[in-house]
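Chemist: I'll drop the sequence and a predicted model, then ask my questions.
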Amino acid sequence: MDKSDILRIDNLCVEINEKEIIKNLSLKIQSGEIHAIMGKNGSGKSTLSKVIAGHPKYNVTKGKIFLCGDDITDEEPEVRSHKGLFLGFQYPVEIPGVNNIDFLRLAYNSKKNFNNQDEIDPLSFLEIIDQKVKEINIDISLINRNVNEGFSGGEKKKNEILQMSLLSSRMYILDEIDSGLDIDALKNISNNINKLQDKSNSLLLITHYERLLSYLKPDYIHIMQDGRIVYTGGSDIAKQIEKHGYRYFTKNNLTE
């Protein structure tokens, strides 16, 4: 395995309720790369992101998932997170009764414990989070409210980006981060993601729309259909998808 591989998936097959939904899928994402997965509803895009993150609902029947060289195929979700995997949700859940800053500090210190590092005390953490909030231009009041409770769609997505910034993961997976955002919110979110993305980490975007990819320039775009990657191309194919639709690629038997 190449030392620069952040995420590598080999011949992955996944089923739910004995129905196969991911079929012999392979994917390699190297350090510093941005990849996007596009496809119709039901093609398996969001399912793939959940499987990579370790959702217990799905059963891996074949293949392996590697994160920074470690086999995480059978690891618990929290272990995958501690090892450097981050999943941003399309619909971030509300957690009533759980203060956002307490939630963020717990996540931050859990990762430190996993890496045998000393925990950060509340006062020191407040200094860290204050800096992150300024960098991302988030309303400071959000960190003192319950997690996502009463947040607008844009505020929920900003809170996801705040978690990204805080946890400094190696592999970021963003599942339809653009869903429900107006153009100004999309620009803001995209700018902040661009600030976090560098040569030490990688980014996988799950999206339906070309407009997100005009702000976050992918190195590769993969088209999924029926649980498979059926085509891989450069960022230029986003405009072709917008113009011709996904059928154009499958119709012409353009395969990876």
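Modeler: Right, received. Where do you want to start? Numbers count the residues shown, from 1 in each chain.

Chemist: What separation is there between the closest residue in space to residue 114 that isn't next to it in sequence and residue 161?
Modeler: In space, and not counting its chain neighbours, residue 114 is closest to residue 82: 3.8 Å by C-beta to C-beta, 6 or more residues apart in numbering. All C-beta atoms are positioned from the backbone trio N, CA, C, and that covers glycine. As defined by C-beta to C-beta, to the nearest Å, residue 82 lies at a distance of 20 Å from residue 161.

Chemist: Between those two, which has more neighbouring residues?
Modeler: residue 161 (25 against 19; other C-beta atoms under 10 Å).

Chemist: looking just at contacts, which helices and strands does the helix or strand hosting that one meet?
Modeler: If you go by DSSP states H and E, residue 161 is part of helix 153-167. The helices and strands touching helix 153-167, judged by 3 or more C-beta pairs under 8 Å, 6 or more residues apart in numbering; DSSP states H and E, are strand 85-88, helix 100-114, helix 122-136, helix 183-196.

Chemist: For the last one, report the contacting residues that lie outside it.
Modeler: In this case it means helix 183-196. With C-beta atoms under 8 Å, 6 or more residues apart in numbering as the test, helix 183-196 has contacts from 135-137, 153-154, 157-158, 161, 164-165, 172, 174, 177-178, 181, 203, 211-212, 215-216.

Chemist: At the geometric centre of this structure, which residue do we find?
Modeler: Central residue of the chain (C-alpha atoms, centre = their mean): residue 173, 1.4 Å from the mean position.

Chemist: Centre of the chain to the host helix or strand of that residue, how far?
Modeler: In the assignment (DSSP H and E), residue 173 maps to strand 171-175. Centroid separation between strand 171-175 and its chain, computed with C-alpha atoms, centre = their mean, to the nearest Å, is 1 Å.

Chemist: Could you figure out how far that strand is turned away from helix 183-196?
Modeler: 170 degrees (axes from the mean of the first three to the mean of the last three C-alpha atoms, to 10 degrees).
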